[in-house]
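> structure, please.
(one chain, ligands or ions: 1)
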Amino acid sequence: MKYTDRHNHSILEELEEKALMEHIPIIRKTERQILKKALEQAKPNKILEIGTAWGYSALLMAEWCPWACIDTLELDQDRAEKAREYIKEAGCQDRIRCIAGDAAHTIPQMQGPYDFLYLDGPKGQYLRHMKAVEPLLSARAVTAADNVLFRGWVEGTLQVPRRFRTIAVRMRAYVAYMKENYETDIYPDGDGMMIAWRKKTE
Ligand SMILES: C[S@@+](CC[C@H](N)C(=O)[O-])C[C@H]1O[C@@H](n2cnc3c(N)ncnc32)[C@H](O)[C@@H]1O
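Below is the predicted model:
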């Protein structure tokens, strides 16, 4: 079937509905708008996403940036397979590549330069993944990271339940690293989305 916006829209709607039923996490509505705005400003030619799930956000990014190529990394083989099916159905298989495996292992196999990075994989691994991707980022690259406020446990004084402490501590380290090395904005709606771009050199 020939790709059209309308066709892609109905695939996105179906994907969203099924993902909700199967408890597959996908980007929330508030964060979608922030991501869209960041992409409109960055106008990336090449995008790297960590955390594909079923490919919802990858397909959204493909719709918003119809000129761009996207590499998206997913740990879970079944999810990656499902994402590839949706990507093919949307006619985007020439622009979106879904790579299965642990991002810690697949990132070093990727070829940049990427103008946009979307971090939406394991919340305790953002800093590790960021440092691994940094050599692949172009000079104008923008990084978006979802869930940086992680249920209010990253900034502020809320008590973090024991089982989430490691994630909260690691997310704090990610936020601190980004604030030190990049220009950053955190949008607090939803679970917190950070947009980061390179500091201007003097
Ligand atoms: C929040 S979901 C991604 C949602 C997707 N970006 C969307 O909005 O449609 C996070 C995904 O990261 C994947 N993930 C977890 N650990 C990973 C790892 N080490 N490497 C790659 N992907 C990983 C999970 O399997 C899960 O599907």
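> interface residues of the chain facing the ligand?
The chain has residues 25-27, 50-53, 56-57, 73-76, 79, 102-103, 120-122, 125 near the ligand, with proximity defined as CB under 6 Å from any ligand atom. C-beta here means a position set from N, CA and C on the backbone, and glycine is covered the same way.
> got a PyMOL select line for the buried ones in the residues you listed?
In PyMOL, this line selects whichever of those come out buried by 16 or more other CB atoms under 10 Å:
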select buried, resi 26+27+50+51+52+53+56+57+73+74+75+79+103+120+121+122+125
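> among the residues of the chain next to the ligand, name the ones in helices.
When DSSP state H is applied, the residues of the chain next to the ligand are split such that 56-57, 79, 103 fall in helices.
> got JSON lines for the residues you listed, with distance to residue 92 and pLDDT too?
Formatted as JSON lines, these follow (distance: CB to CB, whole Å; pLDDT from 0 to 100):
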{"residue": "56", "distance to residue 92": "12", "pLDDT": "98"}
{"residue": "57", "distance to residue 92": "13", "pLDDT": "98"}
{"residue": "79", "distance to residue 92": "17", "pLDDT": "98"}
{"residue": "103", "distance to residue 92": "21", "pLDDT": "98"}
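> pipe those into TSV and attach distance to residue 88 per row.
Converted to TSV, these look like this (distance: CB to CB, whole Å):
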residue	distance to residue 88
56	15
57	17
79	15
103	22
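> which residue, other than its chain neighbours, is closest to residue 109?
Once its chain neighbours are removed from consideration, residue 109 has its nearest residue in residue 99; the separation is 7.6 Å (CB to CB, 6 or more residues apart in numbering).
> residue 120 versus residue 109, what's the distance?
Look at residue 109 and residue 120: by CB to CB, to the nearest Å, they are 19 Å apart.
> stretch 17-34: end-to-end distance?
Between the opening and closing residues of stretch 17-34 we find a distance of 21 Å, counting by CA to CA, to the nearest Å.
> wait, stretch 21-40
31 Å.
> for that stretch, buried residues please.
For stretch 21-40, using 16+ other CB under 10 Å, the buried residues are 24, 26-27, 31-32, 34-35, 38-39.
> hang on, the earlier thing: now, the residues of the chain next to the ligand that are in strands?
Secondary-structure check on the residues of the chain next to the ligand using DSSP state E: residues within strands are 50, 73-74.
> in the chain, which strand is the longest?
In the chain, assigned by DSSP E, the strand with the most residues is strand 137-146.
> identify the farthest-apart pair in the buried residues of stretch 21-40.
Within the buried residues of stretch 21-40, 24 and 38 form the most distant pair, 23.4 Å apart (CB to CB).
> where does this protein have low pLDDT?
Counting by pLDDT under 70, the chain contains low-confidence ranges at 1-6, 202.
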